[in-house]
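Chemist: Quick check, what structure comes out for this input:
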Amino acid sequence: MKKIATGIAFASILTTAAYAATTTMSAAPSESWTVTNYYKQSVYDPKQSKIGDVDDVLVNKQGQVTGLVVGVGGFLGAGEKDVIVPFTAVKSEKKNDKWWLTLDQTKDELKSAPGFKYDKASTAWVPESK
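Modeler: Numbers count the residues shown, from 1 in each chain. Below you'll find the predicted structure:
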C-alpha cells in the first residue's frame, strides 16, 4: 500500500512538472505592455491637460485588466480623490516620442465621480463613505 501511495505521489509530481513546463512562453505576446506603462503614469484629457495619476491597476480573477484607479485633484497628494475608470476608456497616444495616457473626460468630471478608498483588510477598493 505504501508503494502505491508513493507511486501516485511521484506520478503527481511528474504531471505537475510537465504541466508547469508547458505554461511558460518562449516570447512575450505581441502588442503587450507591462503594468509600468500605466501604474504611476499621468493621465491627460484630450486637450493635453493633466487629469491625475494612475494609483492602481485592477485585474480580475481571469488576469484581465479591468480598470484603473486614477487620483484626481488635490495638491501633492493632499486632498486627492481616487476614482475608478474602465481600462478600455484610457487610450495611449504617442506624441513627441513619448507615450501619453488619455481619457475623454475632464478633471472636473472625474472630481464629481464617486470616490474610492483602498481597504487593507479586504485588499480591495471600496466606495468612499461620506
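Chemist: The residue positioned nearest the centre of the chain in helix, strand or coil?
Modeler: With distances taken as CA atoms, centre = their mean, Val57 lies nearest the centre of the chain, 2.0 Å away. Following DSSP: H, G, I helix; E, B strand; the rest coil, Val57 is assigned to strand.
Chemist: residue contacts, it?
Modeler: Val35, Tyr38, Tyr39, Val65, Gly67, Leu68, Val69 (CB atoms under 8 Å, 6 or more residues apart in numbering). Where you see a C-beta, it was placed from the backbone N, CA and C, and this is true even at glycine.
Chemist: what's across from the fourth one in the sheet?
Modeler: Partner residues in beta bridges with Val65: Val59, with DSSP bridges as the criterion.
Chemist: Next one: it from Pro29, what distance?
Modeler: 13 Å (CB to CB, to the nearest Å).
Chemist: Need the residues touching each of these two.
Modeler: In contact with both Val65 and Pro29: no residue, using CB under 8 Å, 6+ apart.
Chemist: Could you check which of these two is surrounded by more residues?
Modeler: Val65 (16 against 6; other CB atoms under 10 Å).
Chemist: The more buried one and Asp56 touch, don't they?
Modeler: No - applying CB atoms under 8 Å as the test, Val65 and Asp56 come out as separate, 10.9 Å apart.
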